[in-house]
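1. turn this into a structure:
(one chain, ligands or ions: 1)
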Amino acid sequence: MIRTFALAAACSLSLSFSFAVHAQQAPKLKVGLMLPYTGTFAQLGNAIENGFRLHLAEQGGKLGGREVEIVRLDDESDPAKATDNINKLINRDKVDVVVGSVHSGVAMAMARVAREAGIPMIVPNAGAAAITGNLCAPNIFRSSFTNWQPAYAMGQVMREKGYKRVVTITWKYAAGDETVAGFKEGLEAGGQSKVIRELNLPFPNSEFQALLTEIAAIKPDAVYTFFSGGGAVKFLQDYAAAGLRKSIPLYGVFITDGTLEAAAPVSQGIETTLHYSDDLNTPRNRNFRLAYAKTYKLQPDVFAVQGYDAAQMLATGVNAVKGDLSKKDAFTAALRSARIDSPRGAFTLSRSHNPVQDFYLRKVDGKENKTVRVAVKALADPGRGCRM
Ligand code: PHB
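-> Predicted coordinates:
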């Protein structure tokens, strides 16, 4: 009797042991998506998630042999809540990887935590220099850009167009400050062209009237701007309503991305620089756009591409270690030598883990940002302050 019991116990022990081993072979890979789902950047967060899920679906929902489970968290583009939010994902939800975010201030707070925790982090938008600068780390990667990159390209374009006196207008926070700095570096090289006034308002304020009145009074040769999401739609409408479209040419970065459903009539002909154009005529981009439109009944934008590529980058790392994220060096090495086959065109990562990529000059035509030409080829962020 005792022996039978012992045998039964041993059997059930070994059974549960073998189940445990089986389960351990492929526990779910938990991915924390920390993105804005409310506020001025809500549409950007949704596009990033859509792109991310599209690539996952193309992989059958698995990476490195592990089924992927997504945990979503709305960060509200609020830097003050960002440290608590990422700690919740790591400590409460036990995510294996974090993907986020859109807002530079939020993403910097995330990078500080991810760096300490050693958990893989992929930034699918936020351009803060520090993320691939003094906060760079072997486990932190970006699928998007630094704020410097598209801004520098636009500075160069506007210098070549011969604008001498330029006013800038943006939100006062890391991304706004860095886009203006990058723009000035491109514009003022050679000493012929100058930023004569830098106008700002706090993020995510969209009361532009007083600043537009100032622009009308200054009468610059041109205006350079960075706004995004809901704020960009409002800016484009207000700039047109103030009558400025006819008198002062408007250029920028991100203002016409994800905004054309709402602001196409007031955006026609606006030129911007970015690492993606809607009409890139490659099989990779055409197939991506078809699949995205079929899945979501929406047209993709640069944010969707960045989300898609964040998933491609994650797949590269996770597949290289066959799902075993404790192999940190191999995960990092795989991404460092990867060539990501993006709808934007293939890119590699710089020493500080930021995309080295072409920047296109685009022009709004209907509801698309159409390619005018490549403005700067294979532009790499200098990664100032990154030591690893
Ligand atoms: C940023 O905060 O880094 C940021 C936000 C929205 C954009 C681009 C950059 O479209």
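
2. please enumerate the helices of this protein.
-> Here the chain has its helices, by DSSP state H, at 2-25, 42-58, 79-87, 104-117, 148-160, 174-188, 209-218, 229-241, 244-247, 260-267, 283-296, 302-320, 328-336.

3. let me have these in JSON lines, extended by mean neighbour count and mean pLDDT.
-> Backbone N, C-alpha and C define where each C-beta goes, glycine included. Converted to JSON lines, the helices of the chain look like this (neighbours: other Cβ atoms under 10 Å; pLDDT from 0 to 100):
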{"stretch": "helix 2-25", "mean neighbour count": "9", "mean pLDDT": "44"}
{"stretch": "helix 42-58", "mean neighbour count": "22", "mean pLDDT": "98"}
{"stretch": "helix 79-87", "mean neighbour count": "18", "mean pLDDT": "98"}
{"stretch": "helix 104-117", "mean neighbour count": "22", "mean pLDDT": "98"}
{"stretch": "helix 148-160", "mean neighbour count": "25", "mean pLDDT": "98"}
{"stretch": "helix 174-188", "mean neighbour count": "23", "mean pLDDT": "98"}
{"stretch": "helix 209-218", "mean neighbour count": "14", "mean pLDDT": "98"}
{"stretch": "helix 229-241", "mean neighbour count": "21", "mean pLDDT": "98"}
{"stretch": "helix 244-247", "mean neighbour count": "12", "mean pLDDT": "97"}
{"stretch": "helix 260-267", "mean neighbour count": "18", "mean pLDDT": "97"}
{"stretch": "helix 283-296", "mean neighbour count": "15", "mean pLDDT": "98"}
{"stretch": "helix 302-320", "mean neighbour count": "25", "mean pLDDT": "98"}
{"stretch": "helix 328-336", "mean neighbour count": "17", "mean pLDDT": "98"}
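
4. what sits closest to the residue of the stretch 251-388 of the chain found nearest the ligand if chain neighbours are left out?
-> Taking Cβ to the nearest ligand atom, the ligand has its nearest neighbour within the stretch 251-388 of the chain at Phe254, 3.8 Å off. Using Cβ to Cβ, 6 or more residues apart in numbering and skipping the chain neighbours, the partner closest in space to Phe254 is Ser228 (4.4 Å).

5. what's the burial count for the one you found?
-> 27 (other Cβ atoms under 10 Å).

6. hmm, back to that, tabulate the helices of the chain (TSV), appending distance to Lys377.
-> Formatted as TSV, the helices of the chain follow (distance: least, Cβ to Cβ, whole Å):
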stretch	distance to Lys377
helix 2-25	45
helix 42-58	24
helix 79-87	34
helix 104-117	26
helix 148-160	10
helix 174-188	14
helix 209-218	33
helix 229-241	27
helix 244-247	31
helix 260-267	26
helix 283-296	18
helix 302-320	18
helix 328-336	22
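
7. tabulate the ones you listed (CSV), appending distance to the ligand.
-> Output for the helices of the chain, formatted as CSV (distance: least, Cβ to the nearest ligand atom, whole Å):
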stretch, distance to the ligand
helix 2-25, 39
helix 42-58, 6
helix 79-87, 10
helix 104-117, 4
helix 148-160, 9
helix 174-188, 3
helix 209-218, 19
helix 229-241, 7
helix 244-247, 21
helix 260-267, 14
helix 283-296, 18
helix 302-320, 7
helix 328-336, 21
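
8. which stretch among those approaches Asn134 most closely?
-> Taking Cβ to Cβ, helix 104-117 is the member of those nearest to Asn134, at 10.0 Å.

9. so how far is Asn139 from the residue of the stretch 201-350 of the chain found nearest the ligand?
-> For the stretch 201-350 of the chain, the residue positioned closest to the ligand under Cβ to the nearest ligand atom is Ser228, at a distance of 3.2 Å. With distances taken as Cβ to Cβ, to the nearest Å, Ser228 is found 27 Å from Asn139.

10. Phe254 reaches Tyr224, doesn't it?
-> No. Applying Cβ atoms under 8 Å as the test, Phe254 and Tyr224 come out as separate, 11.9 Å apart.

11. so what sits against both of those two?
-> Common contacts of Phe254 and Tyr224, defined by Cβ atoms under 8 Å, 6 or more residues apart in numbering, are absent altogether.

12. okay, and the beta partners of Val31?
-> Ile70, Val97 (DSSP bridges).

13. and it, how far from Arg66?
-> Taken as Cβ to Cβ, the span from Val31 to Arg66 is 10 Å.

14. between those two, tell me which one has more neighbours.
-> Counted by other Cβ under 10 Å, Val31 and Arg66 do not tie: Val31 has more neighbours, with 25 against 20.

15. correct me, but that one touches Val68?
-> Yes. Using Cβ under 8 Å, Val31 is in contact with Val68, at 5.8 Å.

16. now do the contacts for Pro355.
-> By Cβ under 8 Å, 6+ apart, the neighbours of Pro355 are Arg142, Ser143, Ser144, Phe145, His275, Ile340, Phe347, Thr348, Leu349.

17. give me the buried entries from those residues.
-> Buried by 16 or more other Cβ atoms under 10 Å: Arg142, Ser143, Ser144, Phe145, His275, Ile340, Phe347, Leu349, out of the contacts of Pro355.

18. once you drop chain neighbours, what's closest to the first one?
-> Same thing as Arg142. Nearest one to Arg142, counting by Cβ to Cβ, 6+ apart, is Val123 at 4.3 Å.

19. neighbours of the one you found, how many?
-> Val123 has 30 nearby residues by other Cβ under 10 Å.
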